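Engineer: Please find the sequence and the predicted model below.
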Amino acid sequence: MSLLKIYFRASLVLVAALSLGSHTLAQSASTIYSFNGQASAGLPNYVTPAQGRDGRLYGTTFGPSGTCGTAFRMTTGGQAVTIYTFGTDGCNPAGGLTLATDGNFYGATYYGGASNVGVLFRLSPKGAYAVLHEFASGSDGSGPIMPPVEDTDGNLYGATYGTNGDLPTIYKYTLKGGAFSTIYNFTPSSGEAVVGPLAQGLDGNLYGAAALGGTEFGGALFELTTTGTLVWSYDFVPGATGGATPYSLTQASDGNFYGAAISGGGEIQCGTIFQVGPTGSVSTLYTFRSYADGCGPETALNQGTDGNLYGITPYAGLHNDGTLFRISEEGAFDLLANIGPGGAEPLAAPMQDTNGIFYGTTYLGGKYNSGTVYRYNAGLDPFVAFILPVGKAGQSAQILGQGLTGTTSVTFNGIPATTFNVGSDTFMTAVVPTGATTGKVVVTTPGGTLTSNVNFRILQ
């Protein structure tokens, strides 16, 4: 069972026995791989696949009871290999992996290490594993779930969930030098149970959510500086129309943040989607009012190249296995697919690969009922993405894509890059040209032009 579902199932009756009513949606996500549950390979928890420099998908499994999980590498066609099997030096990675600018992946385990409360680790694309920090409970934190995020200075920031009576923490790890420090300690009134990933805003600060705690005990949102100063917080009220039990925050192209609340919101208490303004003002964007649309959006929201936000619900839907949805920045909601019957209980939003297609995981279901990887084609075109979408003139931007071999030009908001290097068909670098301004990057390849999914932000 996933970590937060223990709480959620105790607070919301599952909808398996409830009538979903009539529903005309016939579309479903396509399962491309089923985990077999053997040798730790099964039960991916809050895992959004990460695209590697080689164009493959990378992620982790939590592992069936008595095992410690795995890290996997997979083609977009569904051919998978296990690149690492976890043990006492790190057990049960719940949140997947983050690709950093050094070419390695970074993640965290919920258990393992000397105190058995988790570790921070580095993993190469070929499976070379190194423990960077063993959590020791107390002010150090315990039970990290999600992988850290890389900030504009090349540091990693992450959160611990808090186990065995511990409260969550926010930590910093420097890639250059390997220094670890705790920058913020939560209190019950500021939040408990940080499940979702952190996000770095355009202002350089860290944004996130605590699923529980807060002054009203319905969870809280927060903004922190990278030195650990709390800028603002917002508290949810259990059972209220605005929702409760938030998961994470994602900054969209309009500058606002968006997130999902797992419970509350209306008569059936199936959650909400909300918008957060720059100073922490929160407004409800959408309330789940029908079991057919899904229930309990236990997810981050990821923005696609069409400008819409994509997310999942782990419950309800036509097969009671969860749903995939999209919602505009203005609140227009579309149910895209029912996850079942191939997979069941997705716990993390899908990612959009640079081929334009969305890929995600389910916690259960599949041939062996040990989880799946699925794909959903929304009809969007290929594009290029950045490992880190910020930089100064003279620095190299790292670009992911498809069909990059033979690239003839790269422009930064219309300014040509005089120096670029194509490392492979799926990875290249380009030196940010003098005079470039914040905007889209366009790569011209033999197959056509590829535009970046987000603006590349120029630092002074």
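Structural biologist: Great, that's in hand.
Engineer: List the contacts of the closest residue in space to residue 380 that isn't next to it in sequence.
Structural biologist: Closest residue in space to residue 380, ignoring its immediate chain neighbours: residue 356 at 4.3 Å, by CB to CB, 6 or more residues apart in numbering. The way it works is simple: take the backbone N, C-alpha and C, and place the C-beta from them, glycine included. Residues counted as contacts of residue 356 (CB atoms under 8 Å, 6 or more residues apart in numbering) are 305, 377, 378, 379, 380, 381, 382, 383.
Engineer: cutoff 7 Å now
Structural biologist: 380, 381, 382, 383 (CB atoms under 7 Å, 6 or more residues apart in numbering).
Engineer: PyMOL command for the buried members of those?
Structural biologist: In PyMOL, a selection of the buried entries from these looks like this (16 or more other CB atoms under 10 Å):
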select buried, resi 380+382+383
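Engineer: Nearest to residue 156 among the contacts of residue 356?
Structural biologist: Set against residue 156, the nearest of the contacts of residue 356 by CB to CB is residue 383 (25.8 Å).
Engineer: So what does the closest one look like in phi/psi?
Structural biologist: phi -160, psi -180 (degrees, to the nearest 10).
Engineer: Assess the claim that it and residue 354 are in contact.
Structural biologist: Yes - assessed by CB atoms under 7 Å, residue 383 is found in contact with residue 354 at 5.7 Å.
Engineer: How is the protein partitioned into domains?
Structural biologist: Domain ranges of the chain: 5-376, 385-458, per automatic domain parsing.
Engineer: most tightly surrounded among those?
Structural biologist: Of all the domains of the chain, domain 5-376 has the most neighbours on average by mean count of other CB atoms under 10 Å, namely a mean of 21.
Engineer: Run a quick neighbour tally on residue 379.
Structural biologist: Neighbourhood size, residue 379 [other CB atoms under 10 Å]: 7.
Engineer: any idea how far it is from residue 304?
Structural biologist: Residue 379 is 11 Å from residue 304, where distance means CB to CB, to the nearest Å.
Engineer: just residue 457 next, same as before
Structural biologist: Applying CB to CB to residue 457 and residue 304 gives a distance of 19 Å.
Engineer: my read is residue 430 is in a strand, agree?
Structural biologist: Yes - Residue 430 sits within a strand when classified using DSSP: H, G, I helix; E, B strand; the rest coil.
Engineer: List the residues that contact it.
Structural biologist: Per CB under 7 Å, 6+ apart, neighbours of residue 430: 396, 397, 399, 410, 417, 420.
Engineer: need the contact list for the fifth one.
Structural biologist: Looking back up the chat, that one is residue 417. Counting by CB under 7 Å, 6+ apart, residue 417 has contacts 410, 411, 430, 431, 433.
Engineer: For the fourth one, which non-adjacent residue is spatially closest?
Structural biologist: Read that as residue 431. That would be residue 419: by CB to CB, 6+ apart, it lies 4.2 Å from residue 431.
Engineer: wait, isn't the one you found in contact with residue 432?
Structural biologist: No - applying CB under 7 Å, one finds residue 419 not in contact with residue 432, separated by 9.7 Å.
Engineer: joint contacts of these two?
Structural biologist: By CB under 7 Å, 6+ apart, residue 419 and residue 432 have no common neighbours.
Engineer: Output the below-cut-off pLDDT ranges for the stretch 51-200 of the chain.
Structural biologist: The model of the stretch 51-200 of the chain has no residue with pLDDT under 70.
Engineer: The residue nearest to residue 380 looks like it's in a helix, true?
Structural biologist: No - read with three-state DSSP, residue 356 is coil and lies in no helix.
Engineer: Now do it against residue 76, distance only.
Structural biologist: Residue 356 is 11 Å from residue 76, by CB to CB.
Engineer: and the residue nearest the centre of the chain, what does it touch?
Structural biologist: Geometric centre of the chain, nearest residue: residue 48, 5.3 Å, by CA atoms, centre = their mean. Under the criterion of CB under 7 Å, 6+ apart, the neighbours of residue 48 are 96, 348, 349, 350, 351, 360.
Engineer: so the fifth one makes contact with residue 301?
Structural biologist: No - the pair residue 351 / residue 301 is not scored as a contact, 11.6 Å apart, by CB under 7 Å.
Engineer: Can you report phi and psi for residue 140?
Structural biologist: Per-residue torsions, residue 140: phi -70, psi -30 (degrees, to the nearest 10).
Engineer: What ranges in the stretch 201-350 of the chain fall below the confidence cut-off?
Structural biologist: For the stretch 201-350 of the chain, no range has pLDDT under 70.
Engineer: do you know how far the nearest residue to residue 169 once chain neighbours are set aside is from residue 82?
Structural biologist: Nearest residue to residue 169, sequence neighbours excluded (CB to CB, 6+ apart): residue 141, at 3.4 Å. Plainly put, residue 141 is 28 Å away from residue 82 if you go by CB to CB.
Engineer: same thing with residue 197?
Structural biologist: 24 Å.
Engineer: how much space between residue 100 and residue 387?
Structural biologist: 7 Å.
Engineer: swap that for residue 139, please
Structural biologist: 32 Å.
Engineer: Check residue 317 too.
Structural biologist: Taken as CB to CB, the span from residue 317 to residue 387 is 34 Å.
Engineer: doesn't residue 455 make contact with residue 439?
Structural biologist: Yes - contact criterion CB under 7 Å: residue 439 and residue 455 qualify, at 5.4 Å.
Engineer: and residue 45, what element?
Structural biologist: Under the criterion DSSP states H and E, no helix or strand holds residue 45.
Engineer: Could you pull up the contacting residues of it?
Structural biologist: 2, 62, 94, 95, 347, 363.
Engineer: Would you point out the most distant pair within those?
Structural biologist: Greatest spatial distance among the contacts of residue 45 (CB to CB): 95 and 363, at 12.4 Å.
Engineer: Quick one: the helices in the stretch 51-200 of the chain, in order.
Structural biologist: Assigned by DSSP state H, counting those that start in this stretch, the helices in the stretch 51-200 of the chain number zero.
Engineer: Look up how far residue 395 lies from the closest residue to residue 143 other than its chain neighbours.
Structural biologist: Spatially, and ignoring its direct neighbours in sequence, residue 143 is nearest to residue 163 (3.7 Å; CB to CB, 6+ apart). Counting by CB to CB, the gap from residue 163 to residue 395 is 40 Å.
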